[in-house]
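Novice: With the input below, show me the fold.
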Amino acid sequence: MIVCELAFKQPDPKRPGYSLHEVDYFDHGWRGRRGYRLSLRKNLKKDYFEVYRYHHDTGLEEVLFSGDFKDALQRAYDETKQVCGEEWGSPDQECQHKEPVISIFCPKWPAIRDKKEKS
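Specialist: Residues are numbered from 1 along each chain as shown. Below you'll find the predicted structure:
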């Protein structure tokens with residue numbers, strides 16, 4: 001998956017200190033594991049990324065990692081691979097904000113898409 005660092009800038013109206021955009025890696029039910037979801041978000045107040053577990057039974061959030069974007073992607077991949085197994089695949093790619101490595105959530109995506117449609 002291609003993940004764009006710029007997509008995490010808009011605040012969540014329900015939780016203003018965090019980004020509206022999140023990436024969910026897995027949720028309960030994967031291989032019989034129940035109880036939490038693993039996600040990536042940006043802490044806008046502290047200006048770093050967080051990989052966290054949301055525990056469905058308690059509603060608690062457990063932050064596993066806080067830091068820069070690249071390291072957060074790696075931590076999310078490592079955690080997912082540990083839970084989901086070796087066949088999970090390759091780590092996420094950082095969006096380059098241009099083709100061929102661009103996320104549909106990148107702020108530059110509409111302009112690129114529109115340019116392609118006009119061609």
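Novice: how near is the closest residue to A7 other than its chain neighbours to D24?
Specialist: Of all residues not flanking A7 in the chain, F105 sits nearest, at 4.0 Å (Cβ to Cβ, 6 or more residues apart in numbering). Every C-beta, even on glycine, is put in place using the N, C-alpha and C of the backbone. Remark: distance between F105 and D24 (Cβ to Cβ, to the nearest Å) = 13 Å.
Novice: In terms of packing, which of these two has more residues around it?
Specialist: Shown here are F105 and D24; by other Cβ atoms under 10 Å, F105 has more neighbours (15 against 12).
Novice: three-state assignment of that one?
Specialist: Under DSSP: H, G, I helix; E, B strand; the rest coil, F105 falls in the coil class.
Novice: residue contacts, it?
Specialist: V3, C4, A7, H21 (Cβ atoms under 8 Å, 6 or more residues apart in numbering).
Novice: Redo the residues you listed as TSV? Include secondary structure, pLDDT and neighbour count.
Specialist: Shown next, in TSV, are the contacts of F105 (DSSP: H, G, I helix; E, B strand; the rest coil; pLDDT from 0 to 100; neighbours: other Cβ atoms under 10 Å):
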residue	secondary structure	pLDDT	neighbour count
V3	strand	98	21
C4	coil	98	23
A7	helix	97	20
H21	coil	98	17
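Novice: Setting the sequence-adjacent residues aside, check what's closest to S103.
Specialist: In space, S103 comes closest to C4 once its chain neighbours are excluded; the distance is 3.9 Å by Cβ to Cβ, 6+ apart.
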